[in-house]
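# Sequence first, then the predicted structure:
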Amino acid sequence: MSKLEGKTILVTGPAGQIAFPLAARLARDNEVWGIARFSDPATRQRCEEAGIKTAGVDRMIAARHPVLLGS
């Protein structure tokens with residue numbers, strides 16, 4: 001299996017129990033962006049300390065954004 005590196009990856013809900021370890025591992029060799037509401041500043045900080053670039057978004061805005069929909 002080849003190693004995933006040098007990519008830009010978008011992870012939704014990067015602070016979750018499943019997503020956080022995956023996003024943190026991917027961030028070692030890739031540019032990983034995590035989008036979420038980040039209502040708890042400590043959660044956002046934890047992601048950023050793991051190398052995940054964060055962006056706070058409202059779910060309704062994200063659902064209509066062409067880039068997030070792949071259009």
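Happy to help now that I have it. Numbering: from 1, shown residues only.
# quick one: the helices in the chain?
For the chain, the helices defined by DSSP state H occupy 19-26, 41-49, 59-64, 66-69.
# what's the burial count for the closest residue to F20 other than its chain neighbours?
Leaving aside its sequence neighbours, F20 sits nearest to P14 (C-beta to C-beta, 6 or more residues apart in numbering; 6.0 Å). Placement of C-beta: from N, CA and C, glycine included. For P14, the count of nearby residues is 28 (other C-beta atoms under 10 Å).
# My read is that P14 contacts F38, right?
No. Taking C-beta atoms under 8 Å as the definition, P14 is not a contact partner of F38, at 9.3 Å.
# overlap in contacts of the two?
Common neighbours of P14 and F38 (criterion: C-beta atoms under 8 Å, 6 or more residues apart in numbering): T54.
# chain center to stretch 7-19, what's the gap?
4 Å (C-alpha atoms, centre = their mean, to the nearest Å).
# can you count the residues close to T43?
For T43, using other C-beta under 10 Å, the count is 17.
# Kindly state the pLDDT recorded for the closest residue to T12 other than its chain neighbours?
Nearest non-adjacent residue to T12, counting by C-beta to C-beta, 6+ apart: I35, 5.7 Å away. We have a pLDDT of 93 for I35.
# Would you quantify the distance from I35 to V57?
5 Å (C-beta to C-beta, to the nearest Å).
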